[in-house]
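Student: Make a model of this:
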Amino acid sequence: MPGGRLTQQERQQIALGLADGLAYAEIARRLERPTSTITREVTRNGGPTGYRAELAHRATERRAHRRPQTPRRTAAAVEAHGRDPEAVREYEETFTTVLMQSGVPKMMARVLAAISITDSGSLTASELVERLQVSPASISKAVAFLDSQGLIRRERDERRRERYVVDNDVWYQSMMASARSNALLVDTARQGVGVLGPDTPAAARLENIARFLDFVSESIIRAAEQAREVLYTKPEAPSAGAGGADRTG
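Tutor: The predicted model follows:
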């Protein structure tokens, strides 16, 4: 399987494959590349309908010229654990791409991915600016969005700096925020039933939307609460009496 960056010829093959309606996995198979490589390449260069091989190639060359400090900046942090800095950087890009495909805007996806792959699970605004090489305003906007979606939480460290945190409870809170958003849609759809008249096709459509989202919201809440209890509740330590009974046995 070939490694390294995609060549211009490979990008042309990607463009042809997209034009023929091929899936990313099939294009990857023909190029003997990982599917994640094709997914990331297409997503960051206009998507399946806007991908242009020549433009993508030039954009990659520009990014390469802007990137020389990135490996040095991340290497010190990851080499202490024996990690390959280049592999970590590639994974961060893949994670970002998948988040974007799930509907998270690009800068917000970059921030969420960057925080998620740190061992501490948290970064400050200045650390994000340095890591992602973007403006403080871009970080501020991304953080505000992620906070509103329950995807990060804020806390103060010992130096009174605001840190943005991704941990197990953040994902639970995100599911709860999604359920609340669905509940608002349910209420709004049912308001429409009253406005449009209960016996009209439009009202029937809105009632179906409300019933569907209501069911989904209840399922999300139930599953999130069960997962939180099962996966993140620490088991109780055995009592002294139980331990003594074991030793006497």
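
Student: Give me the helices and strands touching the lengthiest helix in the chain, please.
Tutor: The single longest helix within the chain, with elements called by DSSP state H, is helix 201-232. Applying 3 or more CB pairs under 8 Å, 6 or more residues apart in numbering; DSSP states H and E, we find helix 201-232 packed against helix 168-196. Any C-beta I mention is one placed from the backbone N, CA and C, and that applies to glycine too.

Student: Name the residues of the helix it packs on that come out as buried.
Tutor: By neighbour count on 16 or more other CB atoms under 10 Å, the buried set for helix 168-196 is 170-176, 178-179, 182, 186, 189-190, 193, 196.

Student: I'd like the average pLDDT over that helix.
Tutor: Across helix 168-196, pLDDT averages out at 89.

Student: who touches the closest residue to residue 111 other than its chain neighbours in this structure?
Tutor: Once flanking residues are discounted, residue 111 sits nearest to residue 142: 4.3 Å by CB to CB, 6 or more residues apart in numbering. Listed by CB atoms under 8 Å, 6 or more residues apart in numbering, the contact set of residue 142 reads 105, 107-108, 110-111.

Student: 6 Å - rerun?
Tutor: The neighbours of residue 142, taking CB atoms under 6 Å, 6 or more residues apart in numbering as the test, are 107-108, 111.

Student: cool, residue 158 as well?
Tutor: No contacts exist for residue 158 under CB under 6 Å, 6+ apart.

Student: Check for me that it belongs to a strand.
Tutor: No - using DSSP: H, G, I helix; E, B strand; the rest coil, the secondary structure at residue 158 is coil, not a strand.

Student: if we can go back for a sec, the residue nearest to residue 111 and residue 21, how far apart?
Tutor: To residue 21, residue 142 is 34 Å away according to CB to CB, to the nearest Å.

Student: Number of residues surrounding residue 201?
Tutor: 9 (other CB atoms under 10 Å).

Student: For it, give me its contacts.
Tutor: Residues in contact with residue 201 (CB under 6 Å, 6+ apart): none are found.

Student: now for whichever strand or helix holds residue 16, which elements pack on it?
Tutor: If you go by DSSP states H and E, residue 16 is part of helix 8-19. The contact analysis (3 or more CB pairs under 6 Å, 6 or more residues apart in numbering; DSSP states H and E) places helix 8-19 against helix 24-31, helix 53-66.

Student: List the buried residues for it?
Tutor: 10-11, 13-15, 17-18.

Student: neighbouring contacts of that helix?
Tutor: The contact list for helix 8-19 (CB under 6 Å, 6+ apart) reads 27, 31, 48, 51, 53, 56-57.

Student: Mind checking which of those residues are buried?
Tutor: Counted by 16+ other CB under 10 Å, the contacts of helix 8-19 give 27, 31, 51, 53, 56-57 as buried.

Student: what sits against the closest residue in space to residue 44 that isn't next to it in sequence?
Tutor: Nearest non-adjacent residue to residue 44, counting by CB to CB, 6+ apart: residue 97, 6.8 Å away. By CB under 6 Å, 6+ apart, the residues touching residue 97 are 39-40, 43.

Student: quick one: which of the helices and strands packed on helix 8-19 has the weakest pLDDT on average?
Tutor: helix 53-66 - the lowest mean pLDDT of the helices and strands packed on helix 8-19, at a mean of 76.
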